[in-house]
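1. Using only what follows, build the 3D model:
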Amino acid sequence: MILEFDNPKHEALINNHEALSRKYNKRGEQSADDILATIEVLRAADSLFDVPRAYRPHPLRAEYKGCFAVDVDDKNRVIFKPSHDGDQNFRIDNYKTITSIKIIEIFKNYH
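-> Numbers count the residues shown, from 1 in each chain. Here you go, the predicted model:
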């Protein structure tokens with residue numbers, strides 16, 4: 001998929017493993033590696049349909065209505081929205097048409 005970032009700080013963290021580790025590796029957890037692995041799975045997929053079910057791609061509601069999430073770990077998610085302005089083939093209810101996304105959060109517990 002084509003990935004963009006809503007927040008330039010998130011993109012900078014994804015491109016700097018040391019800074020990502022300082023921010024998200026707490027109490028012996030390797031969250032930075034999990035975040036990077038999840039981002040790479042999204043990048044490697046042709047569409048949201050192709051993201052492995054183990055990452056549990058799912059639509060969100062409430063404050064994140066129109067967005068989707070995939071699991072990073074048991075509690076945290078990467079949150080993104082489709083980025084298909086002007087694409088007449090795009091349908092939010094068809095995962096095969098979601099081929100470009102804008103990442104909103106890289107490690108968020110929204111529960």
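
2. So the residue nearest in space to the middle of the chain, which state does it fall into?
-> Taking C-alpha atoms, centre = their mean as the criterion, V78 is the residue nearest the geometric centre of the chain, at 3.6 Å. With DSSP: H, G, I helix; E, B strand; the rest coil as the basis, V78 sits in strand.

3. you'd agree it is up against Y64?
-> No: counting by C-beta atoms under 8 Å, V78 stays clear of Y64, with 11.9 Å between them. Every C-beta, even on glycine, is put in place using the N, C-alpha and C of the backbone.

4. residue ranges of the strands in this protein, please?
-> 2-5, 58-59, 68-71, 77-82, 100-108 (DSSP state E).

5. before we move on, back to that, show me what contacts the residue nearest to the centre of the chain?
-> Residues near V78 by C-beta atoms under 8 Å, 6 or more residues apart in numbering: 35, 38-39, 42, 69-70, 72, 103, 105-108.

6. Could you identify the most distant pair in those residues?
-> Spanning the widest gap among these are L42 and K108, at 14.8 Å by C-beta to C-beta.

7. between these two, which one's more packed in?
-> Using other C-beta atoms under 10 Å as the criterion, L42 and K108 rank with L42 on top: 20 against 15.
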